[in-house]
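Student: no FASTA, just this:
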């Protein structure tokens, strides 16, 4: 009795320790998160990332493109399949500490040698030359989670599942930004095409006047050649823009999961408004929303769990096994109850000995991997904060560039008008007209590029803050 009592006491102590945690988790390095973004002039706690896609994008055509992409984009569909795979693994991990139950049914026949001890005994006592055995049993095996190993495996599986969800969010935010930026680039190319055609028509008018002057003997053939060259500069831009528009349309169609084709649009770049006031909120809110930072945080959870599993492997494990069923050496008595019933219950404690160095190495490696995840989390925060700060300064400086470029365009457009009037009245030569037209063309194209950069910077800030979910 004393032996059984001591055994029960030992098992009770181990079971009490089952809820104890043998590995201390590394906390999230919150000091890696700054209080404010650089270049953030507003101290508004509300971030533009809090806005839904419907509220952030004002253009109905763009919203339709984004909605289509969220349904049909193949990268997003793959991310959803990864989530489903992780769900299955999570369901399996939740059953980690359930007992293993097996059903076994077998029949065997053993024919020993007539000259062997078993053969002589069988022949003498059983009056037969072979021995039959019929067995049907249920076997159960259960390992007590004394050191929290199975619990840590569950935590790792849950964090891995949540990581796939963050991966989907990362794909979605990037997809939304890519569709919006592609749409704005398409509007820019439409505007540049219109500018090139307008400039081509203006060059045609100038060339006709110079031809008339050449016929009158007022200018030389050099004037015609230079005017023709200016005309060809504008003409050359048109097939280039047509090519770029087709390629951009195909890219947008691909993002929305459709075959190459045209993209219907009614909006224009000059009527598309740039958000005048943007608020980034605080970095702490960005960290809790941005998918890549959340994924890095979950990596630390996984690393903590793996350290716990590795540490638990160094300690003894308690296993309980049981088996019960029907056993008989005659088929006719196999299901003779209760005579054929049998049962076995056993418990055992296993302590690794020879492989202790290997398990210790795995534990040390797990701790090193955990330290790496802390560094990677700091790096992800640094990248995220830097991206937001970059987009904030872009938005601010691009607005200044746009205002200057707008004044430049107005000035050069007026210069073209004045040059044409002076040229027709003979008070300006053809070189002044050509120069004014060339400068105006370049400045108008530059203005469309700057405005598109403004729109893209706003979209990129929205993505960098974790918007688009």
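Tutor: Done, it's in. Computed from a predicted model, the values in this text were never measured in an experiment. Residues are numbered from 1 along each chain as shown.

Student: run through this protein and note the low-pLDDT ranges.
Tutor: Within the chain, the segments meeting pLDDT under 70 span 1-23, 41-44, 94, 96-98, 119-120, 122, 125-127, 144-145, 213-219.

Student: helices of that one, start to end?
Tutor: 2-16, 53-56, 60-72, 74-94, 117-121, 149-215, 221-255, 283-289, 291-312, 356-424, 430-464 (DSSP state H).

Student: do you know which of those helices lies nearest residue 143?
Tutor: Among these, helix 149-215 comes nearest to residue 143, with 7.6 Å by CB to CB. The C-beta positions use only the backbone N, C-alpha and C, and glycine is treated the same way.

Student: centre of the chain to the closest one, how far?
Tutor: Its chain's average C-alpha position is 19 Å from that of helix 149-215, according to CA atoms, centre = their mean, to the nearest Å.

Student: just want the angle from it to helix 291-312.
Tutor: Helix 149-215 runs at 160 degrees relative to helix 291-312, counting by axes from the mean of the first three to the mean of the last three CA atoms, to 10 degrees.

Student: packing partners of helix 149-215?
Tutor: Judged by 3 or more CB pairs under 8 Å, 6 or more residues apart in numbering; DSSP states H and E, helix 149-215 is in contact with helix 60-72, helix 74-94, helix 221-255, helix 291-312, helix 356-424, helix 430-464.

Student: 7 Å instead?
Tutor: Applying 3 or more CB pairs under 7 Å, 6 or more residues apart in numbering; DSSP states H and E, one finds that helix 149-215 contacts helix 60-72, helix 74-94, helix 221-255, helix 291-312, helix 430-464.

Student: any idea how far the residue nearest to residue 181 when sequence neighbours are not counted lies from residue 174?
Tutor: Excluding the flanking residues, the one nearest residue 181 by CB to CB, 6 or more residues apart in numbering is residue 456, at 4.8 Å. Plainly put, residue 456 is 13 Å away from residue 174 if you go by CB to CB, to the nearest Å.

Student: same check, this time on residue 286
Tutor: In this view, residue 286 and residue 174 are 16 Å apart by CB to CB.

Student: how about residue 220?
Tutor: Computed as CB to CB, the residue 220 to residue 174 distance reads 58 Å.

Student: quick check on those two: which one has the bigger neighbour count.
Tutor: Taking other CB atoms under 10 Å, residue 220 and residue 174 do not tie; residue 174 has more neighbours (15 against 11).

Student: next up, the contacts around the more buried one.
Tutor: Residue 174 makes contact with residue 463 under the criterion CB atoms under 7 Å, 6 or more residues apart in numbering.

Student: again, but for residue 32
Tutor: With contacts taken as CB under 7 Å, 6+ apart, residue 32 has the following neighbours: 377, 378, 381.

Student: and if we set it to 8 Å?
Tutor: Counting by CB atoms under 8 Å, 6 or more residues apart in numbering, residue 32 touches 377, 378, 381, 382.

Student: I figured the second one hits residue 28, correct?
Tutor: No. With contact defined as CB atoms under 8 Å, residue 378 does not count as touching residue 28 (10.2 Å).

Student: tell me which residue lies farthest from the centre of this structure.
Tutor: Here the centre of the chain is the reference, and by CA atoms, centre = their mean the most remote residue is residue 124, at 76.1 Å.

Student: next, work out how far apart that one and residue 117 are.
Tutor: From residue 124 to residue 117 the distance is 11 Å (CB to CB).

Student: could you do residue 405 as well?
Tutor: Distance of residue 405 to residue 117, given as CB to CB: 106 Å.

Student: comparing the two, which residue is more hemmed in?
Tutor: Under the neighbour definition other CB under 10 Å, residue 405 and residue 117 were set side by side, and residue 405 has more, 19 against 9.

Student: the residue lying closest to that one once chain neighbours are set aside: neighbour count?
Tutor: Distance criterion CB to CB, 6+ apart; nearest residue to residue 405, sequence neighbours excluded, is residue 447 at 4.8 Å. Look at residue 447: counted by other CB under 10 Å, it has 23 neighbours.

Student: give me every residue that touches residue 447.
Tutor: Neighbours of residue 447 in contact, by CB under 8 Å, 6+ apart: 402, 405, 406, 408, 409.

Student: pretty sure the fourth one contacts residue 442?
Tutor: Just to be clear, that refers to residue 408. No. Counting by CB under 8 Å, residue 442 is not a contact partner of residue 408; they are 9.8 Å apart.

Student: thinking again about what came up before, separate out the buried members of the contacts of residue 447.
Tutor: Buried subset of the contacts of residue 447 (neighbour count, 16 or more other CB atoms under 10 Å): 402, 405, 408, 409.

Student: what's the separation between the closest residue to residue 155 other than its chain neighbours and residue 379?
Tutor: In space, and not counting its chain neighbours, residue 155 is closest to residue 305: 4.3 Å by CB to CB, 6+ apart. Using CB to CB, residue 305 is found at 21 Å from residue 379.

Student: quick one, which of these two is more surrounded?
Tutor: When neighbours are counted by other CB under 10 Å, residue 305 and residue 379 differ, and residue 305 comes out ahead with 26 against 12.
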